[in-house]
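Undergrad: Fold the following, please.
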Amino acid sequence: MSKSLFLLFTLLCTLPASAQLGESLRERIANLRQSTTTPGAEELSYGTDPLQKLDYWKPTTPGSPLVIFVHGGGWKRGDKRGAVGAKGAHFLEQGYAFASVNYRLVPTNTVEEQAQDVANAIAYLIKNAEKLSFDSKRVALMGHSAGAHLVALVGTDLSYLKQAEVDTKSLRGIIPLDGAAYDVPRQIAEGGNFMHDTYLEAFGSDPERQKKLSPTAQAAAPNAPAFLILHVQREDGTAQSIALGEALRKAETPAEVKGFPGQGLKGHMEINRDLGKPDYPATPVVDAWLKKVFAQ
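TA: Prediction:
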């Protein structure tokens, strides 16, 4: 990340939750993003907005499966370049294609539009699978934090994939990493003050909208074919992950819930940064699960 982009990104992160970004700032950030490159990746546009872009790494073997990653950032910040960590290189080494997706941000856009962006990015990749050298029938979707919520939502409320004209048979599984808003009303009520305003900014105060945006509440069949829900030792993230897994299994959707070491914000960041490193405990778990779902 360039120094100018880092300074602007820092300014963005320090804005109060209610602040509206001026178009000049949004355009400046978009222009700086466009002027930087991710080593080994090709930047592709799946929509017309400057944030509707993704980075794509071709597999070494044509026809390999694809892992798509969705960044976090409280639904109002974050970027596809800064959130990949060890995952991109690792999944390429495993023989997969890899993509990291940006989406439009709150408050300029809604969480509903963010979920549709994720689905539209999947659709774009699948429609271009032959050119991009991956197997359009073997795709896994992973996200961290707010991105974990978005991938879980897309995997439970299939209206987003339907709108994007994605065949759910192409999507072999969903891997949410340490999310804590799978049940939005519960999280707002029990999650304490640290993220309270962020949740209200993203999900509003209407209970029906909060429920509609809660993967746990949307877990009745049909869903994506399988889920691997990972969490560290945060009280709310653990409880939310367990509850989502239970709701999915009640709907007869295969769902595994796995906990890993890590406390608080440090652990929350580690699972995203270190997943893919050979010595990180979640790495072999994810590898084994992907091999299983891609073989089905």
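Undergrad: contacts, neighbours, all on C-alpha from now
TA: OK.
Undergrad: Specify the residue ranges that define each domain of the protein.
TA: With automatic domain parsing as the criterion, the domains of the chain are listed as 1-36, 42-295.
Undergrad: which stretches of the stretch 151-296 of the chain form strands?
TA: Remark: strands assigned in the stretch 151-296 of the chain by DSSP state E, counting those that start in this stretch are 171-177, 227-231, 255-259.
Undergrad: Pull the residues that contact the first one.
TA: The set of residues that contact strand 171-177 without belonging to it, under C-alpha atoms under 8 Å, 6 or more residues apart in numbering, is 137-145, 147-149, 151-152, 155, 224-231, 271-272, 293-294.
Undergrad: hmm, back to that, what's the least confident stretch among the domains of the chain?
TA: Note on those: lowest mean pLDDT is at domain 1-36, with a mean of 39.
Undergrad: before we move on, back to that, could you identify which of the domains of the chain is most buried?
TA: domain 42-295 (a mean of 20; mean count of other C-alpha atoms under 10 Å).
Undergrad: now that domain: how far from the chain's centre is it?
TA: Between the centre of domain 42-295 and the centre of its chain there are 3 Å (C-alpha atoms, centre = their mean, to the nearest Å).
Undergrad: Pretty sure Ser241 sits against Val232.
TA: No - using C-alpha atoms under 8 Å, Ser241 is not in contact with Val232, being 9.9 Å away.
Undergrad: shared neighbours of those two, which are they?
TA: Contacts common to Ser241 and Val232, judged by C-alpha under 8 Å, 6+ apart, are Asp178.
Undergrad: For the spatially closest residue to Ile188 that is not a sequence neighbour, give its distance to Ala189.
TA: Residue nearest to Ile188 in three dimensions, not counting chain neighbours: His196, with 6.1 Å by C-alpha to C-alpha, 6 or more residues apart in numbering. Going from His196 to Ala189 by C-alpha to C-alpha, to the nearest Å gives 9 Å.
Undergrad: coming back round to it: looking at the contacts of strand 171-177, which are in helices?
TA: Secondary structure defined by DSSP state H assigns Gly147, Ala148, His149, Val151, Ala152, Gly155, Ile271, Asn272, Val293, Phe294 of the contacts of strand 171-177 to helices.
Undergrad: I'd like the residues you listed written out as CSV, with distance to Arg172 added.
TA: Formatted as CSV, the ones in helices among the contacts of strand 171-177 follow (distance: C-alpha to C-alpha, whole Å):
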residue, distance to Arg172
Gly147, 18
Ala148, 16
His149, 18
Val151, 13
Ala152, 13
Gly155, 10
Ile271, 22
Asn272, 21
Val293, 6
Phe294, 7
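Undergrad: Among those, which one sits closest to Val184?
TA: His149 (9.7 Å; C-alpha to C-alpha).
Undergrad: which one is Thr168 nearest to, not counting chain neighbours?
TA: Closest to Thr168 by C-alpha to C-alpha, 6+ apart is Ala224, at 6.5 Å.
Undergrad: wait, what's in contact with Gly204?
TA: Gln210.
Undergrad: and Pro65, which of the strands of the stretch 151-296 of the chain is closest to it?
TA: Here strand 171-177 is closest among these (C-alpha to C-alpha), at 9.8 Å.
Undergrad: Regarding this protein, what is its longest strand?
TA: strand 134-144 (DSSP state E).
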